[in-house]
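Student: this one's sequence-less:
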């Protein structure tokens, strides 16, 4: 891939944290000496408008601070209470909610999904019968990425899960790893089916309120009412610009929470304290251990490019957590990424150390640099400028992407023209899994609309292929190819790896409108 709750009386540990927020506190021989300046420079070097970071160690918040601004060109500063989209770091919370229901013996990790969601069907009857709750939380359910079911779409959660029956399996159950947000939506549906409460209510009453996370909201529904919110940004034609928020509410349990580092520090502390906060047990210690137990191996393609520098010996996924070794320690972490917003949550549980970073620039990978810098400081490692090293890594990856784009440009066939007059391509093209693409002829140009996020102009590429240049420039471009039937009329539209069929009830233009080549 984003909503918030009322606060109860804060536990004693939270009161201590509040007293410490104004001034960062260094521990263990001034491990954080110079950290403030390091982060400030990284924010500037990565052209990131705003960022906030919190560090917890041995049950205390030892650093909590904001940097930069909520929106470029405006004075409002980011602080430790500023709300950002936490993206997929929401997944660990959803897994914890399932764990709470396991503690109450209302379900088991290895229950078949159909025991709780008898209406959920997959294309392969074997998968329908065998897939378990644990599989939903570990990206090993045999399905490929299906973000097109929710990103920029108006599909309700139940409709998204209904369409899963049309997904072709991508690999055998539990034999590989492909990141899959929709399966977390299914886990949220199980939470509701078993508890009798919507996921949004459960996360409020079972996590946010007991931890005193009064600044945190489960979805973006009330975002406009919040007083201290960061705006997402991206680099568009070389310029840093504010962009619109992207809704994740269709798969809310996968990544819809908005929060601050002030509140996320409380969540970190509870996990590092074995499921307890202020003397209250939210999760049994054995359930916390299960959350962090490696569940499946993660392929090199499914892991982060940072592994090229951290060089882990193993990469696994727990229940809502990526995992690797680093400097002889076991690290549990997860990122969150949605248009113009990033997050990272990293834990070294054996050291009772945690770091949480939020920022408001698309894929600002200084988040990894800050996490690794904190880990190095507390393990007494030699200083390494992770910010500089990761900037070089991601600059190289960006160059590779640009080279690939130029190579694609070079394959364009010059001097061609469409087979038909542009107006002839207009119509609605539909697929039962992907939905509808609506092509219209406006002001002498073809326009395409897919869902609510993708609206743009179709520029002729070659033959009957066009390139959609989306009005929301940060969403890039998409190739769209039309296939004609035996009458020379548009029959299908190929885009985004799918084939959309032109709806049959649309009038067929008369033949004189056809272009002669």
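Tutor: Arrived safely. Just so it is clear, the structure is predicted and the values come from calculations on it, not from any experiment. Numbers count the residues shown, from 1 in each chain.
Student: low-confidence ranges, the chain, go.
Tutor: 1-29, 505-517 (pLDDT under 70).
Student: strands along the stretch 351-500 of the chain, start to end?
Tutor: In the stretch 351-500 of the chain, the strands defined using DSSP state E, counting those that start in this stretch lie at 353-359, 427-431, 435-442, 445-450, 454-462, 465-470, 477-484, 490-495, 498-502.
Student: give me whichever of those is most buried.
Tutor: Ranked by mean neighbour count, the strands of the stretch 351-500 of the chain are led by strand 353-359 with a mean of 29 (mean count of other CB atoms under 10 Å). C-betas here are computed from N, CA, C, even on glycine.
Student: possible to save the strands of the stretch 351-500 of the chain as a markdown table with distance to residue 67?
Tutor: Output for the strands of the stretch 351-500 of the chain, formatted as a markdown table (distance: least, CB to CB, whole Å):
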| stretch | distance to residue 67 |
| --- | --- |
| strand 353-359 | 9 |
| strand 427-431 | 44 |
| strand 435-442 | 40 |
| strand 445-450 | 37 |
| strand 454-462 | 33 |
| strand 465-470 | 31 |
| strand 477-484 | 33 |
| strand 490-495 | 40 |
| strand 498-502 | 42 |
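Student: between those, which gets nearest to residue 419?
Tutor: Closest approach to residue 419 among these is made by strand 477-484 (6.3 Å; CB to CB).
Student: so what does that closest one touch, helix or strand wise?
Tutor: When contacts are defined as 3 or more CB pairs under 8 Å, 6 or more residues apart in numbering; DSSP states H and E, strand 477-484 sits against strand 454-462, strand 465-470, strand 490-495.
Student: let's see that with 7 Å instead.
Tutor: Using 3 or more CB pairs under 7 Å, 6 or more residues apart in numbering; DSSP states H and E, the elements in contact with strand 477-484 are strand 465-470, strand 490-495.
Student: and of those, who's closest to residue 155?
Tutor: The closest of those to residue 155 is strand 490-495. By CB to CB, the value is 17.9 Å.
Student: out of the helices and strands packed on strand 477-484, nearest to residue 204?
Tutor: Nearest to residue 204, of all the helices and strands packed on strand 477-484, is strand 465-470, at 35.1 Å by CB to CB.
Student: quickly run through the sheet partners of that closest one, with directions.
Tutor: With DSSP bridges as the test, strand 465-470 is paired with strand 454-462 (antiparallel), strand 477-484 (antiparallel).
Student: chain center to the last one, what's the gap?
Tutor: Distance, stretch centre to chain centre, for strand 477-484: 27 Å (CA atoms, centre = their mean, to the nearest Å).
Student: and that strand with strand 435-442, angle?
Tutor: 90 degrees (axes from the mean of the first three to the mean of the last three CA atoms, to 10 degrees).
Student: any residues touching strand 477-484, and which ones?
Tutor: Under the criterion CB atoms under 7 Å, 6 or more residues apart in numbering, residues 419, 425, 448, 458, 461, 464-470, 490-496 lie in contact with strand 477-484.
Student: tally of neighbours for residue 74?
Tutor: Residue 74 is flanked by 11 other residues according to other CB atoms under 10 Å.
Student: select the longest helix from this protein.
Tutor: The single longest helix within the chain, with elements called by DSSP state H, is helix 386-410.
Student: element containing residue 127, please.
Tutor: helix 125-130 (DSSP states H and E).
Student: show me what the next helix or strand along the chain from that helix is packed against.
Tutor: From helix 125-130 onward toward the C-terminus, using DSSP H and E, the following helix or strand is helix 133-136. On a contact count with 3+ CB pairs under 7 Å, 6+ apart, helix 133-136 meets helix 181-195.
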